[in-house]
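> return atomic coordinates for the entry below.
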Amino acid sequence: MDEYFSYDERLGIPIPSFKVDWDQFSKKIQQSILFQWEKIRGTIPDRISELEKLINVKQDQLSDEENFIKSCELNSQISELASIINDLWLWYRTNQDISEKVHM
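Prediction:
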């Protein structure tokens with residue numbers, strides 16, 4: 001299944017990466033891909049939880065930070081983590097209808 005997914009360093013999960021259109025895959029391959037995606041998709045809430053914990057740590061650091069430049073860096077890091085969380089939720093929700101096909 002590795003040929004149908006590529007690991008996204010930023011998101012911390014594999015995401016679908018097809019070289020051909022979905023309809024060109026056999027039904028068996030489609031089902032295998034959907035099953036694999038369902039397993040990956042199931043890890044997204046845990047990944048989001050990890051990132052939320054990092055945000056909390058950085059917010060705690062920010063509340064104690066007196067150096068303006070360091071405060072800006074922490075704000076930027078928090079913003080990037082929040083952006084990753086948003087993207088993960090998009091992947092989780094956008095593909096929910098596809099994942100439901102696994103159970104049909």
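> now the host helix or strand of residue 73, how far from the centre of its chain.
Using DSSP states H and E, the secondary-structure element containing residue 73 is helix 68-94. For helix 68-94, the gap between its own C-alpha mean and the chain's C-alpha mean amounts to 12 Å (C-alpha atoms, centre = their mean, to the nearest Å).
> give the buried residues for it.
Neighbour-count burial for helix 68-94, counted by 16 or more other C-beta atoms under 10 Å, picks out 74, 78, 81, 84-85, 88, 91-92. To be clear about C-beta, it is placed using only N, CA and C from the backbone, and glycine gets the same treatment.
> what sits against the most centrally placed residue in the chain?
Residue closest to the average C-alpha location in the chain (C-alpha atoms, centre = their mean): residue 88, at 3.3 Å. Applying C-beta atoms under 8 Å, 6 or more residues apart in numbering, we find residue 88 in contact with 11, 13, 44, 47-48, 51.
> just the buried residues from those, in PyMOL please.
Of these, the buried ones go into a single PyMOL selection, burial set by 16+ other C-beta under 10 Å:
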select buried, resi 11+13+44+47+48+51
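> from the contacts of residue 88, which land in strands?
residue 13 (DSSP state E).
> make CSV from the contacts of residue 88 and add distance to residue 27 to it.
Output for the contacts of residue 88, formatted as CSV (distance: C-beta to C-beta, whole Å):
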residue, distance to residue 27
11, 28
13, 25
44, 26
47, 30
48, 32
51, 36
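> what helix or strand does residue 7 sit in?
Per DSSP H and E: residue 7 is located in strand 5-8.
> what is that strand packed up against?
strand 13-16, helix 27-64 (3 or more C-beta pairs under 8 Å, 6 or more residues apart in numbering; DSSP states H and E).
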